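> model the following, please.
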Amino acid sequence: QRVVSLQECIDVDPTPQESLADLSIHQARERLAADAEQALAQPFDLQRAPLLRTHLYSLPGNEQILLVTVHHIIADGMCVQLIRDELAQAYAQGTNLALPVFQYADFVRWQRQSLTSAATTPALKWWQQTLAGHNGQPVSTVRDLTASGGHEARFAFEISATLTRELRTLARDVGATLFMLLLAAWRVWLARCLMEKDLLLGSPVTLRRDAATADMLGCMVNNVVFRNPLDTATVFIDVLKSERDCALAAIGHSQVPFEKVVEAVQPERHLGRHPLFQLMFLFEDRSAPPVSVEGLRFTADVLPVDRASYWDLELSVTDCGPTDAMQAFIGVRRDIYDAEALAWWPAGFVAMLGAIARDAQTPVADLPLLSSAQRKRVLVDWNDTQLAILPEETLHQLVTAQAHRTPDAIAVQDEHARVTYAALIGL
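You can find the predicted model right below:
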């Protein structure tokens, strides 16, 4: 196990180049998205390094896009920005970059040595106590599921820059982070919508804890379970404070691999279902500004692609910086839920966040679940059933007129019989 140099990557897998400059920008973006989806579906040979593929595209407007496809076994979400920075440095200095002294193999060796029984026993006991009394069961009915996960429907939405700024200020005022506030809000939303007060939420936490690992490429995440039973009579600001304490404690014990926690807790297991938690919160920090080198501006993005999901429900939020809106989506596993029936969730969730920002002293049970437009649609538009009826028309006259128009239509029915309009009035 070692770091593969940039030149070795080039020798093994030279980057193909393709020009899309003759296409419109819209067509070029569509082509890029299609190629990204195809690249993602192409498997890697785990016996052959590097587990990374690249493809360089020239787009209209002198824009260059480098499509990088990496196996998750060697990279995680934080590597997107790290790869961007490495490429910018390579462009500035050439391919003769110095290899890091502390390599990923060294990190793995250190981690294995630190996971001795004596070192992990206290943390595992903490997890057993924290998760005691919860069977780790999903909140929805278990159906016949596939081991490979179900298809995920994604509903994208945006949290405005103004609302993001207000939420960031609210979190800072109580010594919390934006991650903690959104985790608390997601818990409140799920508790209200699913009518469950004690939910286990999961989120990946980075293992980059010091200067030696801060810029290290590799899969260095650990799934962590967050438990914070909710009383809907509690005001949100108190929920946020308890979520802050819960998150700090859980992250403080996150050095133990999730698999070890599962072994210690021994929750019920179901085929095709993630153990311990099925509700995911993913928060990605993409707030670092672009890197500029010799007049070139390096940015990084992750293209949306369809994929299977082991989570029943997922909230993913990307922090794009202090002056930008946050990009987000709610993912719904189609073989668990009727995804279209939950398409209203993003607008409702943003409305709830707005209410939290306006008054964090609001009891959780009183926070709105509908936006103003959604509320109007339910209470006004869908109840607009007024009909213009002439004053001289009686009810039996209206029924008789309908019977002559549609004599064979069903007029009355119950569980035993159906009566047509013709039979009803004796036509």
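> strands paired with the strand ranked longest in the chain, and their directions?
Criterion DSSP state E: the longest strand present in the chain is strand 150-159. With DSSP bridges as the test, strand 150-159 is paired with strand 308-309 (antiparallel), strand 326-333 (antiparallel).
> okay, those strands, which one's buried deepest?
Most buried of these, by mean neighbour count (mean count of other C-beta atoms under 10 Å): strand 326-333, with a mean of 22. Where you see a C-beta, it was placed from the backbone N, CA and C, and this is true even at glycine.
> what's it in contact with?
The contact list for strand 326-333 (C-beta atoms under 8 Å, 6 or more residues apart in numbering) reads 149-159, 164, 280, 304, 309, 311-320, 339, 342, 345-346, 349.
> can you get me the start-to-end distance on stretch 315-329?
The first residue of stretch 315-329 is 6 Å away from its last residue (C-alpha to C-alpha, to the nearest Å).
> list the buried residues for it?
Burial within stretch 315-329, assessed by neighbour count using 16 or more other C-beta atoms under 10 Å, is assigned to 315-320, 324-329.
> ditto for stretch 183-197
Result for stretch 183-197 [16+ other C-beta under 10 Å]: buried residues 183-192.
> so which of those sit within helices?
Among the buried residues of stretch 183-197, DSSP state H puts 183-192 in helices.
> got a markdown table for those, with pLDDT and distance to Asp245 too?
Below are these laid out as a markdown table (pLDDT from 0 to 100; distance: C-beta to C-beta, whole Å):
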| residue | pLDDT | distance to Asp245 |
| --- | --- | --- |
| Leu183 | 98 | 12 |
| Ala184 | 98 | 11 |
| Ala185 | 98 | 16 |
| Trp186 | 98 | 17 |
| Arg187 | 97 | 14 |
| Val188 | 98 | 16 |
| Trp189 | 97 | 20 |
| Leu190 | 96 | 19 |
| Ala191 | 95 | 18 |
| Arg192 | 95 | 22 |
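> quick check, nearest of these to Ala33?
If you rank those by distance to Ala33 using C-beta to C-beta, Trp186 comes first, at 27.8 Å.
> ok, that closest one touching Glu314?
No. Here Trp186 lies out of contact with Glu314, judged by C-beta atoms under 8 Å, at a distance of 9.7 Å.
> now for these two: what residues contact both?
In contact with both Trp186 and Glu314: 279, 281, using C-beta under 8 Å, 6+ apart.
> what about the strands in this structure?
17-19, 52-59, 63-70, 150-159, 200-206, 221-227, 279-285, 291-293, 296-298, 308-309, 313-319, 326-333, 410-413, 418-420.
> what does the first one rub up against?
Right, the one you point to is strand 17-19. Strand 17-19 is contacted from outside by 55-58, using C-beta under 8 Å, 6+ apart.
> let me have those residues in TSV, extended by distance to Ile425.
Shown next, in TSV, are the contacts of strand 17-19 (distance: C-beta to C-beta, whole Å):
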residue	distance to Ile425
His55	73
Leu56	76
Tyr57	71
Ser58	75
